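1. Could you work out the structure for the sequence below:
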Amino acid sequence: MDSEPPYASAGAALARWRAEDPGTRSQDKVGKALVPTVSQAAVSKWEDGSQRPELSRALQLEGLTGGDVSAVSWLYDTTEINALRRAFGFPNLDPNDVADAVTIDRGPEYAQPAPVLP
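-> A predicted model of the protein is given here:
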């Protein structure tokens with residue numbers, strides 16, 4: 001019996017979000033919108049559920065997707081998420097409201113807004 005990959009639900013949510021606008025939300029463009037960037041192949045592995053993004057990238061994906069793909073959906077513990085949020089001065093995540101968008105402040109050298117795909 002085949003079992004579902006561990007991150008299949010989050011990966012499917014990412015694929016659904018991209019499918020809403022495939023012209024501007026390619027796997028390659030999603031990968032390039034993250035800091036540091038990742039390859040199209042990495043995004044593909046996230047979508048097929050066989051791998052998950054690092055927590056910092058999962059938080060970026062949460063912000064990029066407007067909360068459609070939450071960091072919690074990648075099976076990160078709320079404690080881990082909140083520890084990273086505190087380290088960067090973000091408010092803690094309310095586990096009952098995982099749709100909050102995430103803003104990533106990378107410091108003054110990155111004064112431009114984070115890339116947002118339409």
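
2. For the rest of this, base every contact and every neighbour count on C-alpha atoms.
-> Noted.

3. Surely Gly31 and Lys45 touch.
-> No - contact criterion C-alpha atoms under 8 Å: Gly31 and Lys45 do not qualify, at 11.6 Å.

4. And the two? Which one has more around it.
-> Between Gly31 and Lys45, Gly31 has the larger neighbour count (other C-alpha atoms under 10 Å), namely 21 against 16.

5. and the nearest residue in space to Thr37 that is not next to it in sequence, what helix or strand is that in?
-> Sequence neighbours aside, Gly31 is the residue nearest to Thr37 in space, at 5.5 Å (criterion: C-alpha to C-alpha, 6 or more residues apart in numbering). Using DSSP states H and E, Gly31 sits in helix 27-33.

6. Figure out how far that helix is from the centre of its chain.
-> Chain-centre distance of helix 27-33: 11 Å, with C-alpha atoms, centre = their mean, to the nearest Å.

7. which helices and strands does the lengthiest helix in the chain pack with?
-> Identified as the longest helix of the chain according to DSSP state H is helix 8-19. On a contact count with 3 or more C-alpha pairs under 8 Å, 6 or more residues apart in numbering; DSSP states H and E, helix 8-19 meets helix 40-47.
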